[in-house]
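Novice: Predicted model and sequence below, questions to follow.
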Amino acid sequence: MTTKAPALLIGIGNRLRGDDGAGYRLAQILARRPPPGLQVLARQQLTPELAEPLAAASRVLFVDAVLGGSGHGAELALMPVEPAVAAPPCSHRLTPAQLLGLSQGLYGRCPPAWQLLIPGHGWPISDQLSAATAAACRGALPLLRRWSQADA
Amino acid sequence: MDTDKAAPHRTITIDPVTRIEGHAKISIHLDGRGAVQSARFHVTEYRGFERFCEGRPFTEMAAITARICGICPVSHLLTAARTGDKILAVTIPPAAEKLRRLMNLAQLIQSHALSFFHLSSPDFLLGWDSDPGRRNIFGLIAANPELARSGIRLRQFGQGVIEALGGRKIHAAWAVPGGVRSPLSPELRDHIRAGLPEALAITGMGLELFKRLLDSQLGEELQVFGNFPSLFLGLVGRDGLWEHSRGADGAGIRVMASNGAVLADGLNEDDYASFIAEAVEPWSYLKFPYYRPLGPEAGSYRVGPLARLNLCERIGTEAADRELLELRQRGGRVVRASFLYHLARLIEILACLEQMQQLLDDAEITATHVRARASVNRHEAVGVSEAPRGTLLHHYRVDGNGLIERVNLIIATGQNNSAMNRTITQIAQHYISGSRLSEGLLNRVEAGIRCFDPCLSCSTHAAGQMPLQVQLFGADGALLQELQRG
């Protein structure tokens, strides 16, 4: 009997920069009671060592905030991410595509990947989300739970 | 005869410099005959953390200054906490002291691992003149996947220790004035301990690889990548032991000349303004600190891994001391070659792992009393620690309520500023003339900067990304040639 590799969700953001912390906070919420078969990581930024857990995952979802993003009230949607083959422009902070490329290069494997971008309205020095982004996060949670159970 | 008068002067600009942390450019100034007159390392970013800390409670400084940088937040965290200890005027519990040391060791490991394995080794392993599009971590993966994976694993180990202690890998607000927020459980101690053998094996592999490269193909780099006399400055422990934390009994700042003469010893960070002064140049946001008694030229000094190994008499652990001896056999009692910063980083990783083992074997490391509490007892304090890139000083002045009135941060990268400029001038003079300008040659100039692993995010307190632009200007300012990558 083989154990199925877990799905991986990585929430990205800075909790002290307003709406930029949306992805991080969503990951924290999910990590409190993670759905079966889901590994959850909350990170300020994507760093090279994440390539290893990525390679071990059955699939991965990156959750991040984007300034502006889709318009207010627009439906959130998962977008597929392909591994980048180009070099990372910076040494310690990677994009999801670069991290996938790194995983492929280092470990010969990168799982199917998606990205969910939560619309943010500002990156002020604050540990609070704006009302609109907090609402978007609430709307995202059922989507994230459905994704986590998609092939459970 | 002055032929320069007849021929136009030219300037080559490398903008930005790649595989460092932050924004910078290099300009190389040629005379009319195409010979390099000088090279300058320009730091072109500015953020000014010192100003916006004003008015904040000093207890927040650890969390705020840690956000100067995503690479070495722990260094700021620990130095700020140490400065806060002095404002409280408390002696922190022994377990807290040891836990802070453990975290700083982990920080040195993860930062040095990134610098050696991922930022610098592509140059050594793929070649200075190799395709710049492949001369990076992806090229390294293709050429030596085991090495690339090992670098990741070693960094992961250091980051894992930081996370185990502080709850987060980046910006763990765990060290606070008076100690640390939480103790280390026996389970986490054992978990960290279990990772040591692999980390030691990777470090040994890196050391053997780099020493083999030094012996076989990097002899020229040893001679021309910043090989010059200068002062060295850093913390030294009691009996001349290698040190990275001011909290240790008897630790103080030592200043040493290249001939081994100790110019000052046991200096207290509280008096830093008496022995460190800062010069400014109009072409860079990065200041030029120098040893005040000798002035800006003769007082130029280097900090960081090579400085720490030069300054100490011994490291105090078996394997690291063997490597230190070999380093000195290779480069002399006081090593002048900046290229050996790379080797110094690997030796320091080894030292950190050995000291980590000692700390984990100490029963006190899991003691639960880890914080002393007090209110403001002093209105001014200076804290110091050894960050991966060198000596880091925080200086705070607070009011009666503990609100910050003034902050000064003396950052390691800034203290290497003069040395970096001298290094790139030496490299440019050796390799570049106006008639033979190539990307590979310019990469060597950039690599001179990478010897110091500068963190410009820290030194000017900002961050950025770096494609590369090289421009060649005539004396009249006209663009003569341009190379671009990234």
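Specialist: Okay, I see it.

Novice: Which helix or strand contains the residue most central in space within chain A?
Specialist: Centrality entry for chain A: nearest residue to the mean C-alpha point is residue A:62, 2.0 Å, by CA atoms, centre = their mean. With secondary structure defined by DSSP states H and E, residue A:62 is part of strand A:59-67.

Novice: follow-up on the earlier one: please name the bridge partners of the residue nearest to the centre of chain A.
Specialist: residue A:10, residue A:115 (DSSP bridges).

Novice: how about it, what does it touch?
Specialist: A:10, A:12, A:23, A:46, A:81, A:96, A:113-116 (CB atoms under 8 Å, 6 or more residues apart in numbering or on different chains). Where you see a C-beta, it was placed from the backbone N, CA and C, and this is true even at glycine.

Novice: where's it relative to chain B, distance?
Specialist: Using CB to the nearest CB, to the nearest Å, residue A:62 is found at 17 Å from chain B.

Novice: Check the model's average confidence along whichever strand or helix holds residue B:38 for me.
Specialist: Assigned by DSSP H and E, residue B:38 falls within strand B:36-43. Strand B:36-43 shows a mean pLDDT of 77.

Novice: Can you name the residues in contact with whichever helix or strand comes after that strand?
Specialist: Following strand B:36-43 in sequence order, the next helix or strand is helix B:49-52 (DSSP H and E). With contacts defined as CB under 8 Å, 6+ apart, helix B:49-52 is touched by B:64-65, B:68, B:407-409, B:461.

Novice: quick one: average confidence on helix B:49-52?
Specialist: For helix B:49-52, the per-residue pLDDT averages 77.

Novice: Which neighbouring elements make contact with whichever helix or strand comes after that helix?
Specialist: Downstream of helix B:49-52, the first helix or strand assigned by DSSP H and E is helix B:61-66. Contacts defined by 3 or more CB pairs under 8 Å, 6 or more residues apart in numbering or on different chains; DSSP states H and E place helix B:61-66 against helix B:73-88, strand B:390-398, strand B:404-410.

Novice: For stretch B:415-427, list the C-alpha coordinates in CSV.
Specialist: Only the C-alpha atoms of stretch B:415-427 are listed here, as CSV (Å, rounded to 0.1, in the frame of the first residue of the first chain):
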residue,chain,number,x,y,z
GLN,B,415,31.9,48.8,7.0
ASN,B,416,33.2,46.8,4.0
ASN,B,417,32.4,49.7,1.6
SER,B,418,35.9,51.0,1.2
ALA,B,419,37.2,47.4,0.9
MET,B,420,34.7,46.7,-1.8
ASN,B,421,35.7,49.7,-3.8
ARG,B,422,39.4,48.8,-3.5
THR,B,423,38.6,45.2,-4.5
ILE,B,424,36.7,46.1,-7.7
THR,B,425,39.4,48.6,-8.6
GLN,B,426,42.1,46.0,-8.2
ILE,B,427,40.1,43.5,-10.3
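
Novice: Which residues does that stretch contact?
Specialist: Taking CB under 8 Å, 6+ apart as the rule, stretch B:415-427 contacts B:26, B:28, B:36, B:38-41, B:224-228, B:230, B:233, B:276, B:284, B:286-290, B:296, B:300-304, B:338, B:389-391, B:444-445, B:447-449, B:451-452, B:454, B:459.

Novice: So which of these sit within helices?
Specialist: The helices, defined by DSSP state H, take in B:224, B:296, B:444-445, B:447-449, B:459 from those.

Novice: that older thread, of the helices and strands packed on helix B:61-66, flag the one that's most buried.
Specialist: helix B:73-88 (a mean of 28; mean count of other CB atoms under 10 Å in any protein chain shown).

Novice: Report whether that one contacts chain A.
Specialist: No. Counting by CB under 8 Å from any CB of the partner chain, chain A has no neighbours in helix B:73-88; the shortest distance is 9.6 Å.

Novice: and the next element down the chain from that helix?
Specialist: Assignment by DSSP H and E places the next element after helix B:73-88 at helix B:94-113.

Novice: Could you check stretch B:103-110 against chain A for contacts?
Specialist: No. Residues of stretch B:103-110 contacting chain A under CB under 8 Å from any CB: none, with a closest distance of 8.7 Å.

Novice: Dump the C-alpha coordinates for that stretch into CSV.
Specialist: Output of stretch B:103-110 as CSV, limited to C-alpha atoms (Å, rounded to 0.1, in the frame of the first residue of the first chain):
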residue,chain,number,x,y,z
MET,B,103,19.6,31.3,16.8
ASN,B,104,22.6,33.4,15.6
LEU,B,105,24.5,30.3,14.7
ALA,B,106,21.6,29.1,12.6
GLN,B,107,21.4,32.5,11.0
LEU,B,108,25.1,32.4,10.1
ILE,B,109,24.6,28.9,8.6
GLN,B,110,21.7,29.7,6.4
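
Novice: helices and strands of chain B: which one has the lowest mean pLDDT?
Specialist: strand B:468-473 (a mean of 49; mean pLDDT, DSSP states H and E).

Novice: Distance check, the nearest residue to residue B:162 once chain neighbours are set aside against residue B:99.
Specialist: Spatial nearest neighbour of residue B:162, chain neighbours left out: residue B:106 (4.9 Å); criterion: CB to CB, 6 or more residues apart in numbering or on different chains. Per CB to CB, to the nearest Å, residue B:106 is found 11 Å from residue B:99.

Novice: Touching both of the two, which residues are there?
Specialist: With CB under 8 Å, 6+ apart as the test, residue B:106 and residue B:99 both reach residue B:165.

Novice: For chain A, which segments count as helices?
Specialist: A:22-32, A:51-56, A:96-107, A:131-148.

Novice: got any ranges where the chain has weak pLDDT?
Specialist: Going with chain A. A:1-3, A:69-74, A:86-92, A:151-152 (pLDDT under 70).

Novice: wrong one, I was asking about chain B
Specialist: Applying pLDDT under 70 to chain B flags residues B:1-10, B:12, B:14-24, B:43-48, B:69-71, B:168-172, B:248, B:434-437, B:456-486.

Novice: can you pull the contacts of the residue of the stretch 251-400 of chain B found nearest chain A?
Specialist: Per CB to the nearest CB, residue B:388 is where the stretch 251-400 of chain B lies closest to chain A, at 12.6 Å. Contact analysis of residue B:388 by CB under 8 Å, 6+ apart lists B:72, B:75, B:107-108, B:111-112, B:115, B:304-305, B:412, B:453.

Novice: try it again with 6 Å
Specialist: Residue B:388 makes contact with B:72, B:108, B:111-112 under the criterion CB atoms under 6 Å, 6 or more residues apart in numbering or on different chains.

Novice: Farthest-apart pair in these, please.
Specialist: Within the contacts of residue B:388, B:72 and B:112 form the most distant pair, 10.7 Å apart (CB to CB).

Novice: Name the residue in the two with the higher neighbour count.
Specialist: A count of neighbours by other CB atoms under 10 Å in any protein chain shown puts residue B:112 above the other of residue B:72 and residue B:112, at 28 against 25.

Novice: State the phi and psi torsions of residue B:379.
Specialist: Backbone torsions of residue B:379, given as degrees, to the nearest 10, read phi -100, psi 0.

Novice: Cool, thanks, talk later.
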